[in-house]
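1. This is a predicted model, with the sequence first.
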Amino acid sequence: MAGLRDPDRFLLKRGNRWYYQRRVPNQFSHLDDRAFVKVSLKTGSQEVARLRRDQLAEADDQYWMALAVEAGSPGGRRPAMRAALEHRYKAAISRAMAYPRARVALSPGACAWCGFRNPCRSRPASRWPVIAGVRWRRISGPSH
């Protein structure tokens, strides 16, 4: 997706949220029942939205190609194969939604541990969750 003329291709902003929206290509419309793929990117940041969009677009492309290969194979569509493809597709979506946190951490001013733009050192300790009387902290990463 790096060489696109439109850097916001497949991105839609509604209010303060970014969405990935893409029409299912005609050559795959008989394999995929959806007319559109629309996923909330759960972010207000355009930078994070673009990173997640790239991952989701790649996952969609791979999913549609796998569906086409499956439909063209001897034996045609098999429920077990379709379930495996959908499982791989959902896993790719989960990875795409978790992916940018590490990339955002590389931005200037972002926390290297959690990826937020404002360094966590400025957060008061009371913001850590308290569950059953125990204050929880992440074990990996620098202390905040």
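-> Now that the structure is in, tell me what you want to look at. Numbers count the residues shown, from 1 in each chain.
2. Now the element after the longest strand anywhere in the chain, going C-ward?
-> Determined from DSSP state E, the single longest strand within the chain is strand 17-23. Per DSSP states H and E, the first helix or strand lying C-terminal to strand 17-23 is strand 36-40.
3. can you pull the buried residues of the longest strand of the chain?
-> W18, Y19, Y20, R22 (16 or more other C-beta atoms under 10 Å). C-betas here are computed from N, CA, C, even on glycine.
4. what's the distance between the first one and L12?
-> W18 is 7 Å from L12, where distance means C-beta to C-beta, to the nearest Å.
5. show me where pLDDT drops low in this protein?
-> Residues of the chain meeting the criterion pLDDT under 70: 1-4, 99-144.
6. Follow the chain on from the helix or strand where A71 lies and name the next helix or strand.
-> Counting by DSSP H and E, the element that carries A71 is helix 46-72. Under the assignment DSSP H and E, the closest C-terminal helix or strand after helix 46-72 is helix 79-98.
7. by how many degrees do that following helix and strand 17-23 diverge?
-> Here helix 79-98 runs at an angle of 150 degrees relative to strand 17-23 (axes from the mean of the first three to the mean of the last three C-alpha atoms, to 10 degrees).
8. Can you name every helix or strand that helix 79-98 contacts?
-> Other helices and strands packing on helix 79-98, by 3 or more C-beta pairs under 8 Å, 6 or more residues apart in numbering; DSSP states H and E, are helix 46-72.
9. Check which residues of the helix it packs on are buried.
-> 48-57, 59-60, 63-64, 66-67, 70.
10. Determine the set of other helices and strands touching it.
-> For helix 46-72, the packing partners by 3+ C-beta pairs under 8 Å, 6+ apart are strand 11-14, strand 17-23, strand 36-40, helix 79-98, helix 100-104.
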